[in-house]
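Student: No letters, just coordinates:
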């Protein structure tokens, strides 16, 4: 299905964090706080000494932004799943906010929750279809996804791998379970995200980036430094570590994996 994304992509950096504990997506937007009340609390706590000439209003606001908690702007109701082709049983995570300015430049987020597929000789997925003006990002968690396109790219990704396709001025591709996975069956889990392109890049040549799990940096976030909780940096940056994906829009894309419950983790978000 062809669905053109024509609305203007905002230039603000937007961060998409994908959690692996069930169906969860955390969108990090600008900090929402009340400067006046926060400034009063800072003064009351004597954070700025009366003789500190460097504690000007700009500094106070910066400190307030750092001290204020992030506000939940909106809760998206749990979506109903639907089939894309005969291989992808997906939940539209963004719901009614898909393809809106509010989430721009992120356009769409489909999550295929873990599902058991039996062995088969029939291909499962979506045949050839066109895209234009944006990028598709496919992340495999379990099972394998096979990609083919009119540029001649043909590739299979497995757990932890990423396919980053830039449709730009136009491309035709297909997406299926790999032949190996189809024949043996098993648990299939993946997600696909659509990312808008800035207007000046919408007519660039199409491109394809295969990103293997071994090439994605892993940053521990456990308070004790163990690997019980990690951030896989796919695009953008986290704690100074950059992801391998080459992007046109200023975005961060992380895959956060929490392996142990009831344990503290530190996920520092810097505006």
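Tutor: Received the coordinates, thanks. Here the structure is a predicted model, which means the values were calculated and not measured.
Student: for the chain, what spans make up the helices?
Tutor: In the chain, the helices defined using DSSP state H lie at 35-44, 57-67, 179-184.
Student: hey, least reliable of those by pLDDT?
Tutor: Looking at the helices of the chain, the lowest mean pLDDT belongs to helix 35-44 (a mean of 28).
Student: wait, residue 119 sits on residue 181?
Tutor: No - judged on CB atoms under 8 Å, residue 119 makes no contact with residue 181 at a distance of 9.6 Å. (C-beta placed from N, C-alpha, C; glycine too.)
Student: Have a look at the two and say which one is more surrounded.
Tutor: Of the pair residue 119 and residue 181, residue 181 is the one with more neighbours under other CB atoms under 10 Å, namely 25 against 10.
Student: Please report how far the more buried one lies from residue 104.
Tutor: 34 Å (CB to CB, to the nearest Å).
Student: Flag the helix or strand of the chain with the lowest per-element mean pLDDT.
Tutor: helix 35-44 (a mean of 28; mean pLDDT, DSSP states H and E).
Student: Now for the closest residue to residue 255 other than its chain neighbours: which residues touch it?
Tutor: Spatial nearest neighbour of residue 255, chain neighbours left out: residue 232 (4.1 Å); criterion: CB to CB, 6 or more residues apart in numbering. With contact taken as CB atoms under 8 Å, 6 or more residues apart in numbering, residue 232 is in contact with 160, 216, 217, 218, 219, 254, 255, 256, 257.
Student: Kindly write the PyMOL command that selects the buried subset of those residues.
Tutor: Selection of the buried residues among these in PyMOL, burial being defined by 16 or more other CB atoms under 10 Å:
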select buried, resi 160+216+217+254+255+256+257
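Student: which pair in the contacts of residue 232 spans the largest distance?
Tutor: Greatest spacing in these, by CB to CB: 160 and 219 (14.7 Å).
Student: give me the number of residues near residue 228?
Tutor: Quick note: residue 228 (other CB under 10 Å) scores 17 neighbours.
Student: any idea how far it is from residue 199?
Tutor: Applying CB to CB to residue 228 and residue 199 gives a distance of 43 Å.
Student: What residues of stretch 250-270 count as buried?
Tutor: Residues of stretch 250-270 classed as buried: 250, 251, 252, 253, 254, 255, 256, 257, 258, 265 (neighbour count, 16+ other CB under 10 Å).
Student: In a markdown table, list the residues you listed along with distance to residue 186.
Tutor: A markdown table is the format used below for the buried residues of stretch 250-270 (distance: CB to CB, whole Å):
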| residue | distance to residue 186 |
| --- | --- |
| 250 | 37 |
| 251 | 32 |
| 252 | 31 |
| 253 | 26 |
| 254 | 26 |
| 255 | 21 |
| 256 | 24 |
| 257 | 20 |
| 258 | 23 |
| 265 | 30 |
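Student: hmm, which two among those residues are most spread apart?
Tutor: Distance extremes for those: the farthest pair is 250 and 258 at 26.6 Å, using CB to CB.
Student: pLDDT at the closest residue to residue 150 other than its chain neighbours, what is it?
Tutor: Sequence neighbours aside, residue 172 is the residue nearest to residue 150 in space, at 4.6 Å (criterion: CB to CB, 6+ apart). Looking at residue 172, its pLDDT stands at 98.
Student: can you tell me which residues contact residue 172?
Tutor: 128, 129, 130, 131, 149, 150 are the contacts of residue 172 under CB under 8 Å, 6+ apart.
Student: and it, bridged to which residues?
Tutor: Taking DSSP bridges, one obtains residue 130 as the residues bridged to residue 172.
Student: Might one say that residue 150 is in contact with residue 173?
Tutor: Yes - in this structure, residue 150 is within contact of residue 173 by CB under 8 Å, at 7.2 Å.
Student: Show me which of those two is the more surrounded one.
Tutor: Each of residue 150 and residue 173 has its neighbours counted (other CB under 10 Å); residue 173 has more, 23 against 13.
Student: residues in contact with residue 116?
Tutor: Here residue 116 is in contact with 185, 186, 187, 188 (criterion: CB under 8 Å, 6+ apart).
Student: The last one and residue 125, how far apart?
Tutor: This points to residue 188. For residue 188 relative to residue 125 (CB to CB), the value is 10 Å.
Student: any common contacting residues for the two?
Tutor: Joint contacts of residue 188 and residue 125 (CB under 8 Å, 6+ apart) are 87, 177.
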